[in-house]
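[1] I need the structure of the sequence given here:
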Amino acid sequence: MENKDYIDASLGLAFSLGVFERYRRNGLLQASDLHHVPGIRGRCTGYLQLVEGKVTACYVEEQNGKRHPTTTDVLIRLDGERGPFHWKLHPLPAPPTSHPDRDAQSEQEQKPPIPRQIARLNVDSLVGWTTIQKLMLQSVYEQIDGRRDITDIKRAVPLSSNVVDEALRILFSLKVIIFITQDDQNKFF
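    You can find the predicted model right below:
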């Protein structure tokens with residue numbers, strides 16, 4: 001039996017997205033060899049990033065690596081009219097869940113947590129990730145020194161706040177960082 005590191009989602013994009021949403025799957029859904037994509041000449045690869053079954057990013061990438069944002073609806077329509085294409089979901093770790101005791105605190109009392117490295121990040125082991133995604137993850141990881149809080153890290157990297165948040169969730173789920181409170185920081189430094 002063949003060992004695959006992806007889930008075959010070739011039954012149709014709309015159907016597959018419904019299943020992944022119902023089962024709250026995380027991963028990078030991709031199909032190569034897309035054709036007749038509006039605004040793109042030639043063939044390209046489509047990507048949809050899923051977090052707990054919800055699409056958080058949607059784009060197509062030309063063969064030269066140039067990315068173009070698109071919508072889920074465009075890819076579903078394209079898959080229905082020109083496909084179905086061979087979609088594969090490359091699973092990614094689940095994002096961390098919230099802590100009920102912390103959620104009970106008011107926003108004013110909460111201080112941003114401080115990420116701390118606990119293991120090396122090996123971006124080469126991230127199958128299905130583009131070079132740009134790996135670089136973004138690496139750039140956030142490199143800013144984590146156990147002293148800077150999340151707000152400081154967001155200021156230090158040239159990425160949007162949402163991208164930094166997602167990178168931190170991924171790093172946590174990969175078990176290469178932990179989050180400590182500012183009170184706990186004194187125990188380490």
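
[2] List the contacts of the residue nearest to Tyr6 when sequence neighbours are not counted.
    In this structure, Tyr6 finds its nearest non-sequential neighbour in Lys88, 4.1 Å apart by CB to CB, 6 or more residues apart in numbering. Bear in mind the C-beta positions are built from the backbone N, C-alpha and C, glycine included. Each residue near Lys88 by CB atoms under 8 Å, 6 or more residues apart in numbering is listed here: Tyr6, Ile7, Asp8, Ala9, Leu29, Gln30, Ala31, Gly128.

[3] Buried ones among the residues you listed?
    Buried by 16 or more other CB atoms under 10 Å: Tyr6, Ile7, Ala9, Leu29, Gln30, Ala31, Gly128, out of the contacts of Lys88.

[4] any idea how far the last one is from Asp149?
    Think Gly128. Applying CB to CB, to the nearest Å, the value for Gly128 to Asp149 is 31 Å.

[5] swap in Leu17?
    To Asp149, Leu17 is 35 Å away according to CB to CB.

[6] who's more crowded, the two?
    Neighbour count, other CB atoms under 10 Å: between Leu17 and Asp149, Leu17 has more, with 24 against 17.

[7] Just list what the strand or helix carrying that one packs against, helices and strands only.
    Using DSSP states H and E, Leu17 maps to helix 13-22. Using 3 or more CB pairs under 8 Å, 6 or more residues apart in numbering; DSSP states H and E as the contact test, the elements touching helix 13-22 are strand 27-34, helix 72-82.

[8] Run through the helices of this structure in chain order.
    Shown for the chain, the helices assigned by DSSP state H span residues 13-22, 72-82, 100-103, 131-143, 150-156, 161-173, 182-188.

[9] Rank the helices and strands of the protein by mean pLDDT and give me the bottom one.
    Ranked by mean pLDDT, DSSP states H and E, the helix or strand of the chain with the weakest confidence is helix 100-103, at a mean of 51.

[10] Tell me the span between the first and last residue of stretch 123-132.
    11 Å (CA to CA, to the nearest Å).

[11] do stretch 173-180 as well
    Stretch 173-180: ends 15 Å apart by CA to CA.

[12] and it, how far from the chain's centre?
    Remark: stretch 173-180 is offset 15 Å from the chain centroid, using CA atoms, centre = their mean, to the nearest Å.

[13] how about it: buried residues?
    Buried, per 16+ other CB under 10 Å, within stretch 173-180: Leu174, Val176, Ile177, Ile178, Phe179, Ile180.

[14] between these, which is closest to Asp79?
    Leu174 (30.2 Å; CB to CB).

[15] Would you mind confirming that that closest one makes contact with Leu121?
    Yes. Applying CB atoms under 8 Å, one finds Leu174 in contact with Leu121, separated by 7.2 Å.
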